[in-house]
Structure formats: structure tokens, C-alpha cells
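In: when you get a sec, could you give me coordinates for this:
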Amino acid sequence: MEQPVAATPSGTVTIPSTYGPPTGATFAPGQFHFAFQVGDELAVSVWKEKDLDTTQRIQRDGTISPMLMGTVPVAGKTVDQVRADLEQRYTEYLREPKVSVRVVSIHSERVFVLGEVKAPAAITLNGPTTLTQALSQAGGFNQEFADQGRVRIVRTGPDGRPTLITANVAAMLTGRTPIVQVMPGDVVYVPPTGLASWSRGLTQALGPIASIIGTAGGVVTSYAAIKALDNSND
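Out: Residues are numbered from 1 along each chain as shown. Down below sits the predicted model:
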């Protein structure tokens, strides 16, 4: 249930801390956070060891089974954490192993929250989730810079084409407009105030995702798609 929120004299809205990241979460402000979940698919490759390359889906127990490794727990870990763990394990068989880990597909239901929020992250949906709840799980707005009246939702339609939704979150939180529900695979982008081209900002914000996920799970990281959406009216 949505909690009442009061607007500040400047017209911005503060999301209550009770909507913040779960207790114990450790997000670095401004740094995109992605953790593997059961059902996600990842590719592992070892430099100069092609026989060890593998693509696997994370099993119900949260593990994968790379060559020589037996079962390795990966659920809840970041790409870098999985890579470091595998490199350490492969030292038993190889001298200074160099491992790369890449997300191939995403099968848990997540929303990607980027831009002027305190903790950009892949938010796991555990049932119907509003836009304000998703933003809160990403730490809430960076109050000094966030354009709360022009939050963008990039959503992939049934035909595979991206569509754009513009949401006035400040108006939602004060009851002036209906609250929007987010959908699995949505990319939520909070632009900074005064940004002339939202697509330029989104392209920059997508950088950390593109480096580890690419287009997995319907996440729109195609610069061509972003450029096409930029033709929409602001």
C-alpha cells in the first residue's frame, strides 16, 4: 500500500526511508548493482582454455557446474564475484587462470532502475510493484539532481519493439496522477534536471549494464533503439 508523502516547498518529493533498500543491502551510490538469480543463464570462458568454456543456467539450488569444478554457488553474487571465485578455484588446475563471466539471459522478473537514484540496481519483482516502490528499492531519488516530473520507462512490447512511457512521479506521490505499475524487463531512467536529450543520458546510464548484460532479458541497450525513442516528444 502506498504511504502518504508530502511535497517539499521546492516542489520535489522525498520517498520515505521505509521504502529504501532491504536491511543489510550494500549498494554503492551511483554504481549499478546486478546479482545472479536462479534461472539466469551465464557464460564462463577461460583464456587459452577453450575446452573449459561453458554456458549454463543457474539451478534451483543456486549453483552451476563448470568443467572440473563440481557445483559452484553463484546465486546472489555479482558478475565480478563469480569471476573471482572461479579464478580462485581454477588455480588448483591452471597457472594464473583468467576467467570471464557474461550474462546470457535473465529469467527472474526484474526491473532495471538507472539515472539519478542513489543505488542504481536490478530490482527483483516479488509480485505487483509500482514505479515508486521500484525507485525506492534503488535508494530513492538523488534529490538535488533528479527530474521527478520526467521519469522514463523503456518497455519492450510483444512485437519486440521498445516503447517509451513518461511518468510524473512527483504528481503520483501527491495523488495528482495515477500510480504506474512496472513490468518485468522495464528500464526505468531518472534523468537529471535540465537534460536536453534524455537518450544521451540513458545511453550513458546503460553503459554499466551493457558491459555485463548486453540485451539479455529484454533490457534495451541498443543505441539504435534509444535513438529511435528520442524522436518521441519530451
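
In: how far away from the center of its chain is stretch 108-116?
Out: 3 Å (Cα atoms, centre = their mean, to the nearest Å).

In: I misspoke; the intended subject was stretch 140-147.
Out: Worked out by Cα atoms, centre = their mean, stretch 140-147 lies 18 Å from the chain centre.

In: in the top helix by length along the chain, what counts as buried?
Out: Counting by DSSP state H, the longest helix found in the chain is helix 198-212. Across helix 198-212, burial judged by 16 or more other Cβ atoms under 10 Å covers 198-199, 201-203, 205-206, 208-209, 212. C-beta coordinates here come from the backbone N, C-alpha and C atoms, glycine included.

In: do the same with stretch 63-83
Out: Those would be 63-64, 66, 69, 72, 74-75, 77-79, 82-83, for stretch 63-83 by 16+ other Cβ under 10 Å.

In: contacts for that stretch next, please.
Out: By Cβ atoms under 8 Å, 6 or more residues apart in numbering, the list of residues contacting stretch 63-83 from outside reads 33-38, 42, 44, 51-52, 54, 56-58, 61-62, 85-86, 89-90, 93, 99-103, 212.

In: for that stretch, measure first residue to last.
Out: 14 Å (Cα to Cα, to the nearest Å).

In: got it, and stretch 32-49?
Out: 30 Å.

In: distance-wise, check Arg57 relative to Ala138.
Out: 27 Å (Cβ to Cβ, to the nearest Å).

In: who's more crowded, these two?
Out: More crowded of Arg57 and Ala138, by other Cβ atoms under 10 Å: Ala138, with 27 against 13.

In: hang on, the earlier thing: so which of the buried residues of helix 198-212 comes closest to Ala146?
Out: The nearest member of the buried residues of helix 198-212 to Ala146, counting by Cβ to Cβ, is Gly201 at 11.5 Å.

In: so the closest one versus Ala167, what's the distance?
Out: Per Cβ to Cβ, Gly201 is found 16 Å from Ala167.

In: repeat that for Arg152.
Out: 8 Å.

In: with Gly62 instead?
Out: Counting by Cβ to Cβ, the gap from Gly62 to Ala167 is 34 Å.

In: go on, Val103?
Out: In terms of Cβ to Cβ, Val103 sits 27 Å off from Ala167.

In: of those two, who's got more company?
Out: Between Val103 and Ala167, counted using other Cβ under 10 Å, the more crowded position is Ala167 (23 against 20).

In: could you report the pLDDT at the nearest residue to the more buried one once chain neighbours are set aside?
Out: Excluding its sequence neighbours, the residue lying closest to Ala167 (Cβ to Cβ, 6 or more residues apart in numbering) is Val151, at 4.6 Å. Looking at Val151, its pLDDT reads 94.
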